[in-house]
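In: Give me a 3D structure for the following:
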Amino acid sequence: MTTQLKESILGEYESTKQLNGEFCKKVEMLLIDILKDSGINYHSIDSRLKEESSLATKVENADGKYNSLSDITDISGLRIVTYFSEDVDKVASIIQGEFSVDEENSVDKRLKLDPDRFGYLSLHYVVTLSEERTKFAEYKRFKELKVEIQIRSILQHAWAEIEHDLGYKNKNAVPNVVRRDFSRLASILELADEEFIRIRQNLENYNEDIQLKMGTTNENILIDKITMQVILEKPDNLIQIVDKEIGLIVGTNIVKEISEEGLNVHIERLKFLGFNTLDEMLNSLEQHKNEIINFTKVWLSGNEVDYVPQAISLFYLGYVVLAEKEDIEILNEYIDGYLNNDKRDKKELIEKIIKTYKDVK
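Out: As a prediction, this is how the structure comes out:
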């Protein structure tokens, strides 16, 4: 390649650098919106504009392949990392529907993976904005620009990053002494990818089974994240009924959604209290319902409360059940484990819990 041609391409790059950078970010935000609407969870979407030094090296090593900047398809680049390998194809299908794909320069490198190849390769697309999208003013100026989109699973990404860090992207450069180790590790990661998919499917099946089973009984249904979510979504469940009573006491509304963190804390508390099944928890809630409501009247008396969170009844169930036992050691352990945010003196708090229970009993 002549120096003149190289300088011409680098000059084009410099003059369009800002536009390509804006295009890269625009496509990144577009993909974030598209994947959000599709309901596909992903680990990350990252964009980058090719560095001038990297471009110069690419042009120098191209043996006259490039005559202008437009011949180079990876000036703008994005990488989408999914949690599951099967989602790579789902994302690919969305990209095919939302962009104009340059089939000649796009490649599913997974199909070129040798049977004994120890590494993972991404699915690569070179795309431009669709004709329909470039009719909108905000996209019109990006009409001719291309972007390379790489899609891989998080385990494929981990492999590629470590492989790159070790400096052995080419299998022929790997010393024989570690080549077998590379191959074995790649097999493990491939199996792990498949196992994660199987686990996800099992969780979906379990969710469906729980939905059906809870339509008739709560017997022998273990307390976990899925079973708690299902019962909280059931209309007029006992938890909701007691929650509403507590809401009436303080004159405010119940928060309809409980956070994942909040749900996990409730589950830990219930397990601490000795409840392993939904029946055990609900029977205790039914048994102590009036005590919980009366306990709350006294406990929250004089306090300004903006809202009461969903499943607040389970929180006060813990107080009532432990106060009923009057076991100071267990109350101490409970407070240490699950009431770290309560800044009151622990001894004073325990005395108040027991006294309040006795007053309403």
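
In: can you map out the helices along the stretch 1-150 of the chain?
Out: 3-38, 52-60, 86-98, 137-140 (DSSP state H, counting those that start in this stretch).

In: give me the low-pLDDT residue ranges for this structure?
Out: 1-2, 109-121, 167-174, 215, 340-344 (pLDDT under 70).

In: Pop the domain breakdown of it in here.
Out: Following automatic domain parsing, one finds the domains of the chain at 3-192, 225-360.

In: for the helices of the stretch 1-150 of the chain, which one ends up most surrounded?
Out: helix 86-98 (a mean of 17; mean count of other Cβ atoms under 10 Å). The way it works is simple: take the backbone N, C-alpha and C, and place the C-beta from them, glycine included.

In: relative to helix 3-38, how tilted is it?
Out: Counting by axes from the mean of the first three to the mean of the last three Cα atoms, to 10 degrees, helix 86-98 lies at 110 degrees to helix 3-38.

In: Which other helices and strands does helix 86-98 contact?
Out: On a contact count with 3 or more Cβ pairs under 8 Å, 6 or more residues apart in numbering; DSSP states H and E, helix 86-98 meets helix 3-38, strand 76-82, strand 123-129, strand 147-153.

In: Nearest to residue 240 among these would be which one?
Out: For residue 240, the closest of the helices and strands packed on helix 86-98 is helix 3-38, at 29.6 Å, according to Cβ to Cβ.

In: From the contact counts, what lies against the closest one?
Out: By 3+ Cβ pairs under 8 Å, 6+ apart, helix 3-38 packs against strand 42-49, helix 52-60, strand 76-82, helix 86-98, strand 147-153.

In: okay if I get those as JSON lines plus distance to residue 108?
Out: As requested, the helices and strands packed on helix 3-38 are exported to JSON lines (distance: least, Cβ to Cβ, whole Å):
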{"stretch": "strand 42-49", "distance to residue 108": "19"}
{"stretch": "helix 52-60", "distance to residue 108": "22"}
{"stretch": "strand 76-82", "distance to residue 108": "14"}
{"stretch": "helix 86-98", "distance to residue 108": "8"}
{"stretch": "strand 147-153", "distance to residue 108": "10"}
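
In: who wins for proximity to residue 251 among the ones you listed?
Out: Here strand 42-49 is closest among the helices and strands packed on helix 3-38 (Cβ to Cβ), at 42.9 Å.

In: Now the closest one: buried residues?
Out: 42, 45, 47, 49 (16 or more other Cβ atoms under 10 Å).

In: Of these, which is the nearest to residue 138?
Out: Within these, the smallest distance to residue 138 is 17.0 Å, found for residue 47 (Cβ to Cβ).

In: Tell me the bridge partners for the closest one.
Out: Under the criterion DSSP bridges, residue 47 forms beta bridges with residue 78.

In: quick one: contacts for it?
Out: Neighbouring residues of residue 47 by Cβ atoms under 8 Å, 6 or more residues apart in numbering: 24-25, 27-28, 76-79.

In: In contact with residue 148, which residues?
Out: Applying Cβ under 8 Å, 6+ apart, we find residue 148 in contact with 73-74, 76-78, 124-126.

In: Identify, from these, the entry nearest to residue 318.
Out: When those are compared for distance to residue 318 (Cβ to Cβ), residue 78 comes out closest, at 47.9 Å.

In: and of the helices and strands packed on helix 3-38, who's closest to residue 253?
Out: Nearest to residue 253, of the helices and strands packed on helix 3-38 and by Cβ to Cβ, is strand 42-49 at 34.3 Å.

In: quick revisit: redo the domains of the chain as JSON lines? Include distance to residue 217.
Out: Converted to JSON lines, the domains of the chain look like this (distance: least, Cβ to Cβ, whole Å):
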{"stretch": "domain 3-192", "distance to residue 217": "31"}
{"stretch": "domain 225-360", "distance to residue 217": "8"}
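
In: Now the phi/psi pair for the most centrally placed residue in the chain, please.
Out: With distances taken as Cα atoms, centre = their mean, residue 41 lies nearest the centre of the chain, 5.9 Å away. In this entry, residue 41 is assigned phi and psi values of phi -80, psi 140 (degrees, to the nearest 10).

In: burial measure for the closest residue to it other than its chain neighbours, as a count.
Out: Among residues not flanking residue 41 along the chain, residue 83 sits closest, at 6.1 Å (Cβ to Cβ, 6 or more residues apart in numbering). Residue 83 is flanked by 16 other residues according to other Cβ atoms under 10 Å.

In: Contacts only, for residue 83.
Out: Residues in contact with residue 83 (Cβ under 8 Å, 6+ apart) are 41-43, 153-154, 196.

In: again with residue 251
Out: Taking Cβ under 8 Å, 6+ apart, one finds nothing in contact with residue 251.

In: if I look at it, how far off is residue 197?
Out: 49 Å (Cβ to Cβ, to the nearest Å).

In: Likewise for residue 212?
Out: Taken as Cβ to Cβ, the span from residue 212 to residue 197 is 23 Å.

In: Then residue 126?
Out: The gap separating residue 126 from residue 197 is 28 Å, by Cβ to Cβ.

In: Which one's more surrounded, these two?
Out: A direct count of neighbours by other Cβ under 10 Å for residue 126 and residue 197 places residue 126 higher, at 20 against 16.

In: so the more buried one bridges to which residues?
Out: residue 148.

In: you'd agree it is up against residue 102?
Out: Yes. Contact criterion Cβ atoms under 8 Å: residue 126 and residue 102 qualify, at 4.1 Å.
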